[in-house]
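Asks: need a 3D model of the following:
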Amino acid sequence: MNRHFDVELQGLKERVTAMGHMVEEQLDGAMKALTDRDVEKAKGIIARDHQVNAMEVGIDEDCIRMIALHQPEARDLRFIITAMKIITDLERMSDLAANVCERVVELKDEPPVTIPAAIYSMAEIGRDMLRKALDAFVMKNTSEALAVCQEDERVNVIYRDLVRSMVQEVSRDPGKTSPVIRLLFVGRSLERFADHATNVAEIIVYLVEGKVIRHIV
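Replies: So this is what the prediction gives:
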């Protein structure tokens, strides 16, 4: 039974990682749709969000089953609980990528507006944070997880600067108010994406060291 349980734990790790990579693809697709003003691609990303939701439900149900069936001891129980927490954040990150795509659909009927470089910077940092958090999960690397946490403030600073610049843009040209608001929602989604990547990294520190660092780092 122990050998079978070890196989299940490894499978759980692989499924969580696969879900994370799918979320990464969702973000990449959302940003490409935004760049290309590709409404059909945006709608495809929105539809694909349901697949991520289904993955979360399936993994969560299997985690509950594993706990009930195997009654794991402390280390393995912590791993399973960690996986359940991570997939919750991953599901929300996919939602945020879909939110970006919803703004792409809305921008189709708006006056043309230049997409600020800050939005691309936030997306790039957020994607890198997710990728590193997933690596930290696989390798149980707390130093890499902590590095992810430190990156969140970079995104916060960029987002605050974006808000200021967008307010100034509207002041100069009130006719751009509606599309600028859409882009601010995009920026907000990307800022929240980074927050959830940080949550994942903090959970990994808990997995490896048993320490809760939320609100500390």
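
Asks: only C-alpha atoms for contact and neighbour calcs from this point on.
Replies: Noted.

Asks: all helices for this structure, in order.
Replies: Taking DSSP state H as the test, the helices found in the chain are 2-36, 39-70, 74-107, 117-139, 142-172, 177-209.

Asks: let's have the ones you listed in CSV, adding mean pLDDT and mean neighbour count.
Replies: Converted to CSV, the helices of the chain look like this (pLDDT from 0 to 100; neighbours: other Cα atoms under 10 Å):
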stretch, mean pLDDT, mean neighbour count
helix 2-36, 95, 18
helix 39-70, 96, 17
helix 74-107, 96, 21
helix 117-139, 97, 20
helix 142-172, 95, 17
helix 177-209, 95, 23
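
Asks: the spatially most central residue of the chain and residue 176: what is the separation?
Replies: For the chain, the residue nearest the mean C-alpha position is residue 93 (3.3 Å; Cα atoms, centre = their mean). Separation of residue 93 from residue 176 (Cα to Cα, to the nearest Å) stands at 28 Å.

Asks: next one: residue 80
Replies: Residue 80 is 48 Å from residue 176, by Cα to Cα.

Asks: residue 119 now?
Replies: Counting by Cα to Cα, the gap from residue 119 to residue 176 is 17 Å.

Asks: can you check residue 40 too?
Replies: Going from residue 40 to residue 176 by Cα to Cα gives 24 Å.

Asks: repeat that for residue 129.
Replies: The gap separating residue 129 from residue 176 is 32 Å, by Cα to Cα.

Asks: over to residue 12?
Replies: Distance, residue 12 to residue 176, using Cα to Cα: 47 Å.

Asks: and if you look at residue 209?
Replies: Distance from residue 209 to residue 176, counting by Cα to Cα: 50 Å.

Asks: before we move on, what about residue 165?
Replies: 13 Å.

Asks: what sits against residue 122?
Replies: By Cα atoms under 8 Å, 6 or more residues apart in numbering, the contact list for residue 122 reads 155, 158, 159, 187, 190, 191.

Asks: let's go with 7 Å and repeat that
Replies: For residue 122, the contact set (Cα atoms under 7 Å, 6 or more residues apart in numbering) comprises 155, 190, 191.

Asks: thank you kindly, that will do.
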